[in-house]
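Peer 1: with the input below, show me the fold.
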Amino acid sequence: MQNVDITIVGAGSAGLTLAALLAPLNLSIVVLEQGGAPRQQAATYQRVSALNLASQRLLSHIGAWPAIASSAAAYSQMQVWDADSFARIAFDAQTEGVAALGHICDNEQIRLALYQQLQKQTNVRFEFNCNINSLVQSERDVLVNFNQQQLLLSRLLVGADGVNSAVRRSMQLPLTHWDYEQQAIVATITSTVAHDNVARQVFLPSGPLALLPLPAPNQCSIVWSCAPERAAQLLALDNNGFNQALTAASNSVLGVLQLQTAPQAFGLKMRYASSWLRGRTVLVADAAHSIHPLAGQGMNLGLMDVAALAELITQAVADGNDFSEPRLLRRYERWRKAEAQTLIAAMEVFKRGFSNSQPLLKLVRAVGMSGINNLPWLKSQIIAQALGNSGDLPKLARPTARYGAVV
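Peer 2: Purely as a prediction, here's the structure:
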């Protein structure tokens with residue numbers, strides 16, 4: 001049997017970020033991952049995330065940001081409009097006094113950069129291709145039985161193992177969920193008009209379509225959310241048919257669009273664990289919550305979870321207190337639940353508001369959106385939240401953080 005201080009289940013971006021934040025405490029940390037280790041490879045942009053400034057500051061503190069930024073695309077403007085009305089709103093970095101509004105990053109490159117940083121830490125160990133057989137808690141420890149009867153006794157267990165979290169199921173933590181009744185089609189596309197580092201999103205009657213700029217000037221990642229029936233129709237088209245449908249849906253804002261990679265579809269569901277902890281086991285990121293991708297905040301929300309948990313653990317260690325005691329974990333849960341609930345509610349309002357085709361509601365949202373666009377002080381409040389420059393942020397993610405450029 002091995003004895004360690006902290007076991008992190010899941011070597012996605014959240015789990016690896018947490019390990020990197022906790023490594024300087026000289027605690028013994030084991031990361032268990034069902035899949036393989038991140039591999040050195042060029043960015044494919046099959047799955048991307050829009051990282052805001054709060055996440056950039058956090059990843060800069062860890063030392064992973066330069067490698068992530070090398071394959072990322074900074075976007076300096078955001079344009080959002082409603083295909084069914086005159087509603088339109090735009091944000092730009094210069095007006096907000098920042099160098100960029102955010103970066104579109106390849107998910108695997110984020111993992112790789114974090115993993116490379118962790119290779120420098122002698123107190124962090126990895127177990128890849130790992131299957132957990134059981135989790136058993138006592139009053140002070142969590143026993144993990146994995147692979148062929150290997151036993152690991154931890155003072156704290158963190159479930160960072162995604163939307164289908166085995167930790168959440170094993171601990172029987174109740175889950176609230178509803179189906180967004182949409183699928184997200186993702187692909188990399190090329191355009192005849194350069195994207196000019198602008199992130200674009202159009203609200204269609206069937207769901208939002210996002211055109212996210214990539215480093216090449218005529219290359220974007222798309223996230224097209226629509227009803228399952230419509231997604232099936234689109235995926236059944238040949239490339240020419242899909243290209244025509246995509247170009248029409250975007251109102252040719254970037255000219256003719258063409259697939260560069262085969263489109264893939266993923267079901268969209270809201271998941272929210274009503275309890276994020278049991279004993280000395282706690283959930284973070286997608287294991288605790290998942291939201292609609294229309295605002296691109298899922299990865300940022302999860303990274304702020306692990307930053308908050310790491311902050312509380314770091315303070316407890318500095319004060320000579322038990323970093324795994326349930327009262328501390330409850331503080332984390334209360335802190336981050338409030339942020340997650342706010343964002344989940346906002347995404348639901350957006351989805352319902354823009355999927356309704358009633359003429360009166362279309363007029364109301366058009367007037368409201370255009371009104372916000374003409375009120376600089378209100379726009380600044382909204383964009384500050386999106387940038388990660390406001391709200392109850394962990395210290396390392398705040399605009400005043402010492403690490404990384406405050407841009």
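
Peer 1: tell me the secondary structure for Arg331?
Peer 2: Using DSSP: H, G, I helix; E, B strand; the rest coil, the structure places Arg331 in helix.

Peer 1: wait, what's in contact with it?
Peer 2: For Arg331, the set of contacting residues under the criterion of Cβ atoms under 8 Å, 6 or more residues apart in numbering consists of Leu312. Where you see a C-beta, it was placed from the backbone N, CA and C, and this is true even at glycine.

Peer 1: where does the stretch 151-300 of the chain have low pLDDT?
Peer 2: Of all residues in the stretch 151-300 of the chain, those with pLDDT under 70 make up the ranges 294-295.

Peer 1: which parts of it are helices?
Peer 2: For the stretch 151-300 of the chain, helices defined by DSSP state H, counting those that start in this stretch occupy the ranges 166-170, 228-236, 239-249, 298-318.

Peer 1: mind saving the C-alpha coords of stretch 164-179 as CSV?
Peer 2: Coordinates of the C-alpha atoms in stretch 164-179 are reproduced here as CSV (Å, rounded to 0.1, in the frame of the first residue of the first chain):
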residue,chain,number,x,y,z
ASN,A,164,-18.9,11.1,-16.6
SER,A,165,-16.9,11.2,-13.3
ALA,A,166,-16.3,7.8,-11.8
VAL,A,167,-15.4,9.5,-8.5
ARG,A,168,-18.8,11.2,-8.4
ARG,A,169,-20.6,8.0,-9.1
SER,A,170,-18.6,6.0,-6.6
MET,A,171,-19.2,8.6,-3.9
GLN,A,172,-22.9,8.6,-4.8
LEU,A,173,-23.0,12.4,-5.1
PRO,A,174,-26.4,13.4,-6.5
LEU,A,175,-26.5,14.9,-9.9
THR,A,176,-29.0,17.4,-11.4
HIS,A,177,-29.1,17.4,-15.2
TRP,A,178,-31.2,18.3,-18.1
ASP,A,179,-30.7,17.8,-21.8
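
Peer 1: and it, which residues are buried?
Peer 2: Counting neighbours by 16 or more other Cβ atoms under 10 Å, one finds that the buried residues in stretch 164-179 are 165-168, 170-171, 173, 175.

Peer 1: run the chain-centre distance for that stretch.
Peer 2: Averaged C-alpha coordinates place stretch 164-179 at 18 Å from its chain's average position (Cα atoms, centre = their mean, to the nearest Å).

Peer 1: so Ala11 touches Leu112, yeah?
Peer 2: No - with contact taken as Cβ atoms under 8 Å, Ala11 and Leu112 are classed as non-touching, separated by 11.0 Å.

Peer 1: which neighbours do these two have in common?
Peer 2: Common neighbours of Ala11 and Leu112 (Cβ under 8 Å, 6+ apart) are Pro38.

Peer 1: between these two, tell me which one has more neighbours.
Peer 2: Ala11 (27 against 22; other Cβ atoms under 10 Å).

Peer 1: can you confirm that one is in a strand?
Peer 2: No - going by three-state DSSP, the assignment for Ala11 is coil, not a strand.

Peer 1: residues in contact with it?
Peer 2: Ala11 makes contacts with 31-33, 35, 37-38, 111, 115, 126, 128, as judged by Cβ under 8 Å, 6+ apart.

Peer 1: just Leu114 next, same as before
Peer 2: Neighbour list for Leu114: 13, 16-17, 20, 59, 62, 64 [criterion: Cβ under 8 Å, 6+ apart].

Peer 1: buried set for stretch 85-100?
Peer 2: Of the residues in stretch 85-100, those buried (16+ other Cβ under 10 Å) are 85, 87, 89, 91, 93, 96, 98, 100.

Peer 1: what distance separates that stretch from the middle of the whole chain?
Peer 2: Distance of stretch 85-100 from the chain centroid (Cα atoms, centre = their mean) equals 22 Å.

Peer 1: can you give me the end-to-end distance of that stretch?
Peer 2: 29 Å (Cα to Cα, to the nearest Å).

Peer 1: just stretch 25-45 next, same as before
Peer 2: Between where stretch 25-45 begins and where it ends, there is a gap of 34 Å, by Cα to Cα.

Peer 1: does anything pack onto the top strand by length along the chain? Which helices or strands?
Peer 2: Taking DSSP state E as the criterion, the chain has its longest strand at strand 175-191. Of the remaining helices and strands, those touching strand 175-191 by 3 or more Cβ pairs under 8 Å, 6 or more residues apart in numbering; DSSP states H and E are strand 219-226, helix 228-236, strand 257-259, strand 264-273.

Peer 1: and the angle for that strand with strand 219-226?
Peer 2: 140 degrees (axes from the mean of the first three to the mean of the last three Cα atoms, to 10 degrees).

Peer 1: in its sheet, what does strand 175-191 sit against?
Peer 2: Partners of strand 175-191 in the sheet, by DSSP bridges, are strand 219-226 (antiparallel), strand 257-259 (antiparallel), strand 264-273 (antiparallel).

Peer 1: could you look over the ones you listed and pick the most buried one?
Peer 2: strand 219-226 (a mean of 24; mean count of other Cβ atoms under 10 Å).

Peer 1: got the CA coordinates for that strand in PDB?
Peer 2: The C-alpha atoms that make up strand 219-226 are tabulated as PDB, following Å, rounded to 0.1, in the frame of the first residue of the first chain:
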ATOM      1  CA  GLN A 219      -8.800  29.200 -40.600                       C
ATOM      2  CA  CYS A 220     -11.500  28.900 -37.900                       C
ATOM      3  CA  SER A 221     -12.900  26.400 -35.500                       C
ATOM      4  CA  ILE A 222     -16.600  26.100 -35.600                       C
ATOM      5  CA  VAL A 223     -19.000  25.100 -32.800                       C
ATOM      6  CA  TRP A 224     -22.500  24.800 -34.400                       C
ATOM      7  CA  SER A 225     -25.200  23.900 -31.800                       C
ATOM      8  CA  CYS A 226     -28.500  22.700 -33.200                       C
END
